[in-house]
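Asker: Just to be clear, the model below is a prediction. Sequence and coordinates:
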Amino acid sequence: SIGIGYVFKVLTKTAKGKFDSPSYDEALVFNSDSMMMKVIGLYLTLFGMAYMCYWTFGASSIWIYLMVVSFCLPAILIILAMEKHVLSALDPGRIISLITTIGWPYLLLFGFSYLIDLGLEFAQGQLQYWLPQAIAYPLLFGVLAYFYIIKFNMFGYVAFQYHTELGYGIDTENLIANQG
């Protein structure tokens, strides 16, 4: 979908030092890399791993698995956006490398990502409670888009801050334009 392509384009543009919002055309070109299919593949793989974990270690292992995956999800999404490969995004070594490279600020990234998700959940609940369905559902899509653009922009900014350590290149002219 164009929404998935757009939020990933927001992440990559911010990570490369360009802080203006991507145009509709840029999102379409970026989505030509079939990010939607990659995200679906990523989540299907994560669900499949949860299923294997459940049948191998029992029901109580699911909680541990979900805690680990939710903690690693910002790193997984950053890797998927920057490298555009599902297998790279699921590589435990790559995930641990990104988390340890960022260090303690990764805890803040995770915390703020979690708070954005809680804010989205709260906003959805309030919209559904106070507004009729005919108005609430279209607004829900707008709220969802807003919260995810903010979240992915934050992921991109962290990748931008640590681009040298993470090995991601940035456009030098973007840095010069942002300083001027």
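Answerer: Cool, got the structure.
Asker: need the contact list for residue 50.
Answerer: Contact partners of residue 50, counting by CB atoms under 8 Å, 6 or more residues apart in numbering, are 62, 65, 66, 69. Backbone N, C-alpha and C define where each C-beta goes, glycine included.
Asker: Phi and psi next, for the second one.
Answerer: Geometry field for residue 65 lists phi and psi as phi -60, psi -50, criterion degrees, to the nearest 10.
Asker: Please tell me how far the nearest residue to it once chain neighbours are set aside sits from residue 76.
Answerer: Leaving aside its chain neighbours, residue 65 sits nearest to residue 53 (4.7 Å; criterion: CB to CB, 6 or more residues apart in numbering). Distance from residue 53 to residue 76, counting by CB to CB, to the nearest Å: 16 Å.
Asker: Can you point out the buried residues in the helix or strand containing residue 80?
Answerer: Counting by DSSP states H and E, the element that carries residue 80 is helix 60-83. For helix 60-83, the neighbour count (16 or more other CB atoms under 10 Å) marks 65, 71-82 as buried.
Asker: Between the contacts of residue 50, which sits nearest residue 28?
Answerer: residue 69 (30.2 Å; CB to CB).
Asker: which two from the buried residues of helix 60-83 end up farthest apart in space?
Answerer: 65 and 82 (24.8 Å).
Asker: Tell me where the longest helix sits in this protein.
Answerer: helix 133-161 (DSSP state H).
Asker: For that helix, which residues meet the burial criterion?
Answerer: Buried residues in helix 133-161, defined by neighbour count with 16+ other CB under 10 Å: 136, 140, 143, 147-149, 151-160.
Asker: Quick check: closest non-adjacent residue to residue 124.
Answerer: Nearest to residue 124 is residue 140, by CB to CB, 6+ apart, at 5.8 Å.
Asker: Hmm, residue 13 is touching residue 22, no?
Answerer: Yes. Using CB atoms under 8 Å, residue 13 is in contact with residue 22, at 5.5 Å.
Asker: how near is the nearest residue in space to residue 62 that is not next to it in sequence to residue 60?
Answerer: Among residues not flanking residue 62 along the chain, residue 54 sits closest, at 5.5 Å (CB to CB, 6+ apart). The spacing between residue 54 and residue 60, counted by CB to CB, is 10 Å.
Asker: and the host helix or strand of residue 95, what other elements does it pack with?
Answerer: Following DSSP H and E, one finds residue 95 within helix 92-102. Under the contact definition 3 or more CB pairs under 8 Å, 6 or more residues apart in numbering; DSSP states H and E, helix 92-102 sits against helix 60-83, helix 163-166.
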